[in-house]
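1. Return atomic coordinates for the entry below.
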Amino acid sequence: MPPLPPNTARTFFGWHVVAATFVLATFGWGVGFYGPPVFLYAVVARSSWPVALVSMAVTVHFLVGAVVVANLPRLYRHLGVAQVTVLGAALLALGVLGWAIAAEPWQLFGAAFASGAGWVAMGAAAVNALIAPWFTLRRPAALGLAYNGASLGGVIFSPLWIALIAGIGFAAAALAVGSVMLMVVALLSLLVFRHSPESLGQTPDGLAAQPCSIKAPPASRTSLFRNRKFLTLAAGMMLGLFAQIGLLAHLFSLLVPVLGEAGAGMAMGGATLAAILGRSFVGAVMQVSADRRLVACLSYAVQVIGSLLFMMAAGEAGASLILGIALFGLGIGNATSLPPLIAQQEFAPAETARVVPLIVAIGQAGYAFAPATFGLLRSENIADVTGTALFLCAAAIQTAAILCFLAGRGKT
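-> Modelled structure (predicted):
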């Protein structure tokens with residue numbers, strides 16, 4: 001067998017992995033992350049079940065995902081990356097179909113169990129796990145490109161779900177999207193995800209091996225929970241995503257009375273388009289030596305302003321509402337992509353491989369309760385049709401996330 005060609009920018013397979021992971025993230029977030037807010041609205045409209053009940057199903061979706069993502073490295077070792085990714089897509093497709101046809105609450109919760117277990121194999125930890133073996137020096141750029149697929153998923157799928165459900169019905173829409181998703185993910189797994197740098201005779205970044213600047217031995221999971229940097233990173237990520245997902249889960253239904261269904265779908269798509277711009281801007285201007293915790297704080301500060309502008313809009317379609325959607329959207333992508341990059345900067349490579357799934361699992365376990373919590377907040381404030389309480393709560397929690405990131409700065 002002839003030797004493989006030397007690594008070059010042209011032949012380096014890592015960029016094919018980035019492109020494939022971009023597509024994977026588009027489906028993963030478009031169906032598993034941005035889908036539940038629309039599913040919540042569609043299920044309530046179809047069944048007349050209480051908002052708080054359906055919000056609990058969204059909570060189950062994310063909570064089950066938290067359990068699975070914490071064990072994702074173990075699943076990869078036992079089943080293989082490609083196989084786990086295809087299995088996740090199949091479970092997500094099956095779960096979404098269950099959301100569409102559930103006739104009883106217990107069936108809805110069963111569907112949420114399947115969709116939650118499946119989507120994390122196409123979520124944040126999965127994207128990081130697929131990219132990390134291929135990139136070290138250029139990992140921020142590679143992750144930024146791959147995670148932009150997550151935001152594109154919101155741009156495409158938020159209005160697409162509305163159009164499909166209105167046009168052909170929820171069940172047909174779920175079947176069509178799920179079938180296409182499963183076929184695409186199976187093809188990507190066969191052609192791309194089954195490969196590793198070692199199997200192709202390549203090295204990270206397509207370059208000669210680089211010495212690591214952090215030489216600490218890998219820490220145990222127990223010692224990580226005594227590490228200030230780990231705790232503040234996990235707490236900051238969890239709080240920020242709690243506010244973000246709690247608000248996003250209800251934002252569509254809050255915007256419908258103001259903008260109509262089509263307008264609300266376009267607004268949600270616009271927010272995720274802003275997420276692409278926000279993540280791309282950070283990736284372009286952030287230096288390798290930059291304090292990534294401060295970058296995360298600035299991103300959350302922009303979202304706090306957006307939440308307050310939502311509140312100032314007071315349920316009226318105007319400049320405050322549009323600007324609020326834009327500013328809140330700018331931070332959506334960074335809330336997912338910056339924590340793994342902070343972990344890369346603060347922990348040794350062996351520790352990073354353990355830290356990233358853990359912070360994602362902790363974050364998801366926390367924010368899993370956000371849709372239900374915000375749903376209860378809406379139920380307790382029935383007269384508050386503008387969602388003022390929700391927006392104020394989101395701003396306060398985002399501020400707490402900023403304080404967590406600041407608390408972890410400096411030496412451990």
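2. now the nearest residue to Gly206 once chain neighbours are set aside: how far from Leu40?
-> Closest residue to Gly206 apart from its sequence neighbours, by C-beta to C-beta, 6 or more residues apart in numbering: Phe12 at 3.2 Å. Any C-beta I mention is one placed from the backbone N, CA and C, and that applies to glycine too. Separation of Phe12 from Leu40 (C-beta to C-beta, to the nearest Å): 42 Å.
3. Likewise for Met56?
-> 10 Å.
4. Overlap of the contact sets of the two?
-> Pro371 (C-beta atoms under 8 Å, 6 or more residues apart in numbering).
5. What is the neighbour count of Ala400?
-> Ala400 has 15 neighbouring residues, counting by other C-beta atoms under 10 Å.
6. Repeat that for the one 4 residues further on.
-> By other C-beta under 10 Å, 22 other residues sit near Cys404.
7. In terms of helices and strands, where is the residue lying closest to it once chain neighbours are set aside?
-> Sequence neighbours aside, Gly236 is the residue nearest to Cys404 in space, at 3.6 Å (criterion: C-beta to C-beta, 6+ apart). Element membership for Gly236, per DSSP states H and E: helix 228-285.
8. For the helix or strand following that helix, which helices and strands make contact with it?
-> Once helix 228-285 ends, the next helix or strand along the chain (criterion: DSSP H and E) is helix 292-313. On a contact count with 3 or more C-beta pairs under 8 Å, 6 or more residues apart in numbering; DSSP states H and E, helix 292-313 meets helix 228-285, helix 319-330, helix 332-346, helix 388-407.
9. cutoff 6 Å now
-> In this structure, helix 292-313 packs against helix 319-330, helix 332-346, helix 388-407, with contacts taken as 3 or more C-beta pairs under 6 Å, 6 or more residues apart in numbering; DSSP states H and E.
10. ok and that helix relative to helix 332-346, angle-wise?
-> 160 degrees (axes from the mean of the first three to the mean of the last three C-alpha atoms, to 10 degrees).
11. Number of residues surrounding His78?
-> His78 has 10 nearby residues by other C-beta under 10 Å.
12. per-residue confidence at it?
-> Looking at His78, its pLDDT stands at 89.
13. separation between it and Asn71?
-> Distance from His78 to Asn71, by C-beta to C-beta: 10 Å.
14. ok, now which ones touch the residue nearest to Ala407 when sequence neighbours are not counted?
-> Setting aside the residues directly before and after it, Ala407 is nearest to Thr232 in space (C-beta to C-beta, 6+ apart), at 4.9 Å. Under the criterion of C-beta atoms under 6 Å, 6 or more residues apart in numbering, the neighbours of Thr232 are 404, 407-408.
15. Mind putting these into a markdown table with pLDDT and distance to Ala368?
-> Conversion of the contacts of Thr232 to a markdown table gives the following (pLDDT from 0 to 100; distance: C-beta to C-beta, whole Å):
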| residue | pLDDT | distance to Ala368 |
| --- | --- | --- |
| Cys404 | 93 | 18 |
| Ala407 | 91 | 24 |
| Gly408 | 87 | 23 |
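16. still on that earlier bit, highest mean neighbour count out of the helices and strands packed on helix 292-313?
-> Mean neighbour count, computed with mean count of other C-beta atoms under 10 Å, is highest for helix 332-346 among the helices and strands packed on helix 292-313, reaching a mean of 26.
17. Show me the contact partners of that helix.
-> Here helix 332-346 makes contact (C-beta under 6 Å, 6+ apart) with 124, 128, 140, 143, 147, 151, 229, 233, 237, 240-241, 244, 275, 278-279, 282, 292-293, 296, 299, 352, 355-356, 359.
18. Pass me the low-pLDDT residue ranges in the stretch 51-200 of the chain, would you?
-> Counting by pLDDT under 70, the stretch 51-200 of the chain contains no low-confidence range.
19. so where do the helices sit in it?
-> 51-70, 72-79, 81-101, 105-119, 124-131, 139-168, 170-188 (DSSP state H, counting those that start in this stretch).
20. Out of those, which is closest to Ala264?
-> Among these, the nearest to Ala264 by C-beta to C-beta is helix 139-168 (7.8 Å).
21. Determine the set of other helices and strands touching the closest one.
-> helix 14-32, helix 124-131, helix 228-285, helix 332-346.
22. can you put the ones you listed in TSV and add distance to Leu377?
-> Putting these into TSV (distance: least, C-beta to C-beta, whole Å) gives the following:
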stretch	distance to Leu377
helix 14-32	24
helix 124-131	26
helix 228-285	8
helix 332-346	20
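23. for those helices, which one sits closest to Ala370?
-> Across those, closest to Ala370 is helix 228-285 (C-beta to C-beta), at 3.3 Å.
24. Run the angle between the closest one and helix 124-131 for me.
-> 70 degrees.
25. distance between helix 228-285 and the chain's centre?
-> 10 Å (C-alpha atoms, centre = their mean, to the nearest Å).
26. and the angle for it with helix 139-168?
-> Using the same axes, to 10 degrees: helix 228-285 against helix 139-168 is 80 degrees.
27. So for helix 228-285, mean pLDDT?
-> 83.
28. and it with helix 51-70, angle?
-> Going by the same axes, to 10 degrees, helix 228-285 makes 100 degrees with helix 51-70.
29. quick one, helix 228-285 and helix 14-32 angle?
-> Going by the same axes, to 10 degrees, helix 228-285 makes 110 degrees with helix 14-32.
30. what's the closest non-adjacent residue to Leu91?
-> Closest to Leu91 by C-beta to C-beta, 6+ apart is Gly118, at 3.0 Å.
31. give me the number of residues near the one you found?
-> Here the number of neighbours of Gly118 (other C-beta under 10 Å) works out to 27.
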